[in-house]
Each structure stands twice: as C-alpha cells, then as structure tokens.
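In: Pasting the sequence and the predicted coordinates here, then a few questions.
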Amino acid sequence: MGNILSVYTNDVDRINELFRYFLVVAAIIFLLVVGYTFYYVFKYQSKKQLELPNQEEGSDRIEIILATIATVITAVFVYLTITSINTIQKIPEHPKPFLEITGHQWWWEAKYPQSGVITANQIYIPTGKKILLKLTSADVVHDWWVYKLGRKIDMIPGRYNYMYMYADKPGEYLGACSEFCGVEHARMRIRVIALKPKDFKVWQKHQLQPVVSKPKDALFEKGKELFEEKTCTNCHAINGTPHKEDIGPNLTHFGSRKRFLSDMLVNNKTNLTAWITNPQNVKSGAKMPNFILSKSEIKALVTYLHNLK
C-alpha cells in the first residue's frame with residue numbers, strides 16, 4: 001500500500017495525486033447512487049403498475065457487504081492521507097530555512113538567512129531544489145499559498161511554521177494570501193520568480209551590492225535627501241545604508257522590481273507618482289502616510305526610488 005502514491009519532489013504533485021484518488025472513488029459512488037436511483041424510478045413509474053412492488057425489509061448480507069466496502073475505502077484513504085501528511089511535513093528537528101517569509105498588512109517580507117539578502121514582495125528562488133520556508137506573521141493571521149509550488153500554510157503572529165517549496169523549471173509563479181487579513185486582503189498577492197541556479201546566484205550577488213547613485217544626478221541626490229528628511233527611513237530599510245527599519249518593505253534595488261504593492265501595480269514612474277502623492281487613493285487602508293509633498297518633491301523621490309537598481 002505504501003507504493004500507491006508515487007514519490008514526488010514537489011509536494012503539490014503528491015497532494016494532487018491523492019486528490020485524484022478521492023475524486024475517482026467519489027465519482028464512482030456518485031454514479032452508482034444516481035444510476036440505481038434512476039433505474040428504480042423508471043422501472044416503477046409505469047402507469048400499468050397498479051400494485052406496489054413487494055416490499056423487502058432489508059438484507060443483512062447486502063448491509064454487511066456495503067459496510068465492509070465503506071470501511072475498507074475509508075481505511076485506505078486514512079492511511080494514504082496520514083502517509084502524505086507525514087511525507088509533506090517532514091521537517092528537520094533543527095530546521096535551517098533557505099528563506100524566511102513574514103506576512104504584513106499587506107505585503108510580504110523575504111529574508112535569505114544564508115546570504116543576508118532582504119527583499120519584499122518579489123521573491124526569487126532557484127529551480128531544482130526543495131526550498132525550506134520559515135513562515136510567520138508580524139500582525140494578524142495570514143496564509144501563504146503559491147499553488148503550483150507547494151501547499152498553503154497559516155502564518156501566525158509569534159509562531160513559526162515550516163514548509164517546502166519546489167520549482168522544477170524557471171518561470172513566474174503567482175499566489176495570494178488565503179486567510180482574510182483585513183481590507184486589502186484581496187490585493188495581497190505573491191509573485192515567486194524561479195531562476196536557474198546560476199542565474200539565482202547572479203541575482204543574489206546583485207542584491208548584496210550597495211545602491212550607487214548616478215554621477216552628478218542632482219534629482220537623485222535631492223530624492224535621497226528627502227527620503228531621509230521626510231522620515232521614510234523610520235519604516236523602510238535600504239541595504240548598504242544606516243537605515244535598517246523593517247516596518248515597511250525593504251527598498252533595496254526597488255527600481256529593479258517589476259511590480260510593487262504586493263504585485264498590485266507595474267513598477268513605473270506613473271504608478272509610483274500616484275502612490276507617493278496619495279497612498280490611500282491607490283491602496284485604501286495601507287499604512288503608508290500621505291506626506292502632502294509638492295510636485296517637485298514627489299518627482300525627486302520618484303527619481304530616487306526608480307533608480308535604486
């Protein structure tokens with residue numbers, strides 16, 4: 001019985017195979033019930049049938065057979081379910097996660113403890129490797145789910161849960177928070193980008209590089225000054241600078257991200273300008289305050305953030 005389920009690297013495939021077994025058995029039972037129902041409905045609906053058919057009170061033999069079949073089916077699926085759970089949730093006693101994910105209202109923080117890279121929302125992993133994730137929440141209960149890469153799992157404040165994630169080929173995999181967590185829950189999206197191992201190393205090395213401004217770019221420097229003067233540094237960290245706060249997303253190399261606001265908007269100057277001008281008009285309930293900036297200040301900040309690459 002232990003070989004009924006194939007050995008898969010990706011836990012999703014194992015879960016899907018178990019689901020298919022459930023579906024097939026459920027479909028057979030459903031068709032049998034519906035089939036027998038219609039059979040007897042049509043058999044005894046004739047107007048010529050003036051007398052009721054002979055009534056049978058029951059059959060001990062049939063009842064024992066049906067009860068035995070139901071018990072065997074249930075026992076098999078209990079065994080397969082427990083076996084699958086134990087395989088999927090086979091976490092080392094002292095886990096050393098490759099990636100630490102923290103859910104916030106309403107964005108994702110990603111830390112790579114082995115390299116020291118910290119990023120947000122747009123998350124990168126190497127292909128062909130089972131990634132051990134450590135998950136928690138900074139505020140309310142969230143639920144991590146990238147359905148093509150692994151099962152979903154709750155993220156609970158003050159507790160750590162672990163799961164494996166696996167991508168067999170390069171690509172972008174979408175997911176979402178699957179536990180209602182507030183007004184912007186529906187737009188708390190996930191984008192995991194799987195790269196070939198050598199490409200992942202290049203990305204990771206780039207993330208560890210300090211941000212360098214363009215030579216003699218006055219607008220960039222003005223934006224950098226405003227970023228500090230307007231207390232943006234009280235919430236946002238930028239690697240390679242003294243700013244280490246993680247209340248809001250880490251903005252290191254922010255300009256190289258394709259999207260922002262938990263994958264909500266394309267990362268371009270137009271969307272970034274709208275966001276900085278009035279965050280609540282873009283994402284109601286977001287904790288980013290409106291600093292009531294002038295157009296020139298907004299332009300400088302947008303230039304600064306857009307060039308953090």
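Out: Ah, there it is.

In: Would you mark the buried spots in stretch 221-233?
Out: For stretch 221-233, a neighbour-count test (16 or more other Cβ atoms under 10 Å) marks 222-224, 226-227, 232-233 as buried. C-beta: built from backbone N, CA, C; applies to glycine.

In: I'd like to know which of the residues you listed is nearest to L261.
Out: C232 (15.8 Å; Cβ to Cβ).

In: Now do the contacts for that closest one.
Out: For C232, the contacting residues are L226, by Cβ atoms under 8 Å, 6 or more residues apart in numbering.

In: For it, give its distance to E17.
Out: Distance of C232 to E17, computed by Cβ to Cβ, to the nearest Å: 49 Å.

In: Quick one: low-confidence residue ranges for this structure.
Out: Regions of the chain meeting the criterion pLDDT under 70 cover residues 1-10, 46-53, 55, 212-216.

In: repeat that for 50
Out: 1-3, 6-7 (pLDDT under 50).

In: can you pull out the strands in it?
Out: 99-104, 107-112, 117-120, 122-126, 131-137, 142-144, 153-155, 161-165, 171-176, 189-195, 259-260, 265-266 (DSSP state E).

In: Compute the inter-axis angle for the first one and strand 189-195.
Out: For strand 99-104 against strand 189-195, the angle between stretch directions is 160 degrees (axes from the mean of the first three to the mean of the last three Cα atoms, to 10 degrees).

In: Please enumerate residues in contact with strand 99-104?
Out: Strand 99-104 is touched from outside by 108-113, 123, 125, 131-139, 142, 144, 155, 165, 177, 181, 188, with contacts defined as Cβ under 8 Å, 6+ apart.

In: and that strand, which strands flank it?
Out: Sheet pairing of strand 99-104 (DSSP bridges) gives strand 107-112 (antiparallel), strand 131-137 (parallel).

In: Go through stretch 259-277 and flag the buried ones.
Out: Judged by neighbour count (16+ other Cβ under 10 Å), stretch 259-277 contains these buried residues: 259-265, 267, 271-272, 275-277.

In: Would you format the residues you listed as a markdown table with distance to V302 included?
Out: Output for the buried residues of stretch 259-277, formatted as a markdown table (distance: Cβ to Cβ, whole Å):
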| residue | distance to V302 |
| --- | --- |
| R259 | 16 |
| F260 | 12 |
| L261 | 15 |
| S262 | 19 |
| D263 | 20 |
| M264 | 17 |
| L265 | 13 |
| N267 | 11 |
| N271 | 10 |
| L272 | 5 |
| W275 | 9 |
| I276 | 6 |
| T277 | 10 |
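
In: Now the two most distant members of the residues you listed.
Out: Distance extremes for the buried residues of stretch 259-277: the farthest pair is D263 and T277 at 20.8 Å, using Cβ to Cβ.

In: can I get the strands paired with strand 99-104 in CSV with mean neighbour count and distance to K169?
Out: Below are the strands paired with strand 99-104 laid out as CSV (neighbours: other Cβ atoms under 10 Å; distance: least, Cβ to Cβ, whole Å):
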stretch, mean neighbour count, distance to K169
strand 107-112, 22, 21
strand 131-137, 20, 14
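
In: between those, which one is nearest to I62?
Out: Among the strands paired with strand 99-104, strand 131-137 sits nearest to I62 (Cβ to Cβ), with 50.0 Å.

In: Kindly export the closest one (C-alpha atoms) in PDB.
Out: Output of strand 131-137 as PDB, limited to C-alpha atoms (Å, rounded to 0.1, in the frame of the first residue of the first chain):
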ATOM      1  CA  ILE A 131      13.300  25.200  -0.600                       C
ATOM      2  CA  LEU A 132      12.600  25.100   3.200                       C
ATOM      3  CA  LEU A 133      10.500  28.100   4.200                       C
ATOM      4  CA  LYS A 134      10.100  29.500   7.600                       C
ATOM      5  CA  LEU A 135       6.900  31.500   7.900                       C
ATOM      6  CA  THR A 136       5.400  33.800  10.500                       C
ATOM      7  CA  SER A 137       3.300  37.000  10.700                       C
END
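
In: got the angle between that strand and strand 122-126?
Out: Following the same axes, to 10 degrees, one obtains 150 degrees for the angle between strand 131-137 and strand 122-126.

In: what does strand 131-137 rub up against?
Out: Outside strand 131-137, the residues that touch it by Cβ under 8 Å, 6+ apart are 91-92, 95-104, 125, 144, 150, 153, 155-166.
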